[in-house]
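Colleague: here is my input, please return the structure:
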Amino acid sequence: MPELPEVETVCRGLNLVTCKQQIFGGEVLLERSIAFPLLSKEMIWQDLVTLSIHKWTRRGKYLIANLLDSEEEPSGSLVFHLRMTGQLLWLRQDSPISKHTRVRFFFGDFQELRFVDIRTFGKIWLVPKGKKPEDIVTGIQTLGVEPLLDQFTTDYLAQKFQNCKTKIKTLLLDQRVVAGVGNIYADEALFESKIHPETLALSLDQAQLENLRKAIINVLQRGIENGGTTIKDFRSVSGINGNYGGVAWVYGRAKSDCRICGTLIEKIKLGGRSSHFCPYCQPKSLKIT
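Modeller: Predicted structure coming up:
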């Protein structure tokens, strides 16, 4: 699933090519890709035609296109969640249409924004005028802080981790704690902060919390700089793979040498998700259980 760096990469790419562009129509090829409103695939365009995209923003792993009407007044928004395999591609309308194309948005100069989704878990919400995205998309309501904003402090982590007996890797994947962090960058942040993924959250001291906070910020910023991570399906708006995988510390590197100490990277399962770590750089302690 695309995480914060991948979604931010898409957000920045969309702001370069779609802003101030009017929507002239489109095509819904898979109705269940539209989570709201529950209209027929023809009726949805009645609410979108003549609107234009003002700006794209990101909240956690959600992409939000803020819309304007012909008088340049705010007129709702489009919200996208790419889930596991979703892609938003800026293409010419005469480009070959993949069998995994779910929704097409038509713009001027024969351009289109194409939502492609192999696994079909991705969703799109049309938020009406006068409503905020969180009024319609319940998942946004429960998101934790954005880790690249000033509100992401050591005190915030201390408050969230207090009396919490959950293993730290599992807790970092909880979007109610840190919005946008997923499996890849949780592994990377734990390596950089020298914390074993099975360590209980409540056992971390102030210094470890500060190291973890800085590590989360560092790996996310590095991920953005490298255009995200492509494992199988992630692509930028222009169809380019992310490059972070080539510089990752531990993620996807099981049985490879640690880039710091040379010890073989190990992989375990935690809560049904794989976790990669270096047993030397991230030693177990008595605090784990």
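Colleague: out of everything not next to it in sequence, what's closest to Asn183?
Modeller: Spatial nearest neighbour of Asn183, chain neighbours left out: Arg273 (5.5 Å); criterion: CB to CB, 6 or more residues apart in numbering. In short, each C-beta sits where N, CA and C put it, glycine included.
Colleague: just Pro197 next, same as before
Modeller: Leaving aside its sequence neighbours, Pro197 sits nearest to Lys169 (CB to CB, 6+ apart; 3.6 Å).
Colleague: Glu198 is in contact with that neighbour, correct?
Modeller: Yes: proximity of Lys169 to Glu198 meets the contact threshold set by CB atoms under 8 Å, at 7.2 Å.
Colleague: what comes up buried for the host helix or strand of Ser75?
Modeller: If you go by DSSP states H and E, Ser75 is part of strand 74-81. Within strand 74-81, the residues that qualify as buried are 75-81, counting by 16 or more other CB atoms under 10 Å.
Colleague: with stretch 27-37 instead?
Modeller: For stretch 27-37, a neighbour-count test (16+ other CB under 10 Å) marks 27-29, 33-35 as buried.
Colleague: mind putting the residues you listed into TSV with secondary structure, distance to Gln111 and pLDDT?
Modeller: Output for the buried residues of stretch 27-37, formatted as TSV (DSSP: H, G, I helix; E, B strand; the rest coil; distance: CB to CB, whole Å; pLDDT from 0 to 100):
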residue	secondary structure	distance to Gln111	pLDDT
Glu27	strand	14	95
Val28	strand	18	95
Leu29	coil	18	95
Ser33	helix	20	96
Ile34	strand	21	95
Ala35	strand	25	95
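Colleague: now render those residues as a markdown table, adding distance to Gln162.
Modeller: Below are the buried residues of stretch 27-37 laid out as a markdown table (distance: CB to CB, whole Å):
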| residue | distance to Gln162 |
| --- | --- |
| Glu27 | 50 |
| Val28 | 46 |
| Leu29 | 48 |
| Ser33 | 40 |
| Ile34 | 41 |
| Ala35 | 35 |
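Colleague: nearest to Gly86, of the residues you listed?
Modeller: Proximity of these to Gly86 was ranked by CB to CB; the top entry is Ser33 with 8.9 Å.
Colleague: rewinding a little: check the buried residues of stretch 27-37 and tell me the two furthest apart.
Modeller: Across the buried residues of stretch 27-37, the longest distance by CB to CB is 17.4 Å; it joins Glu27 and Ala35.
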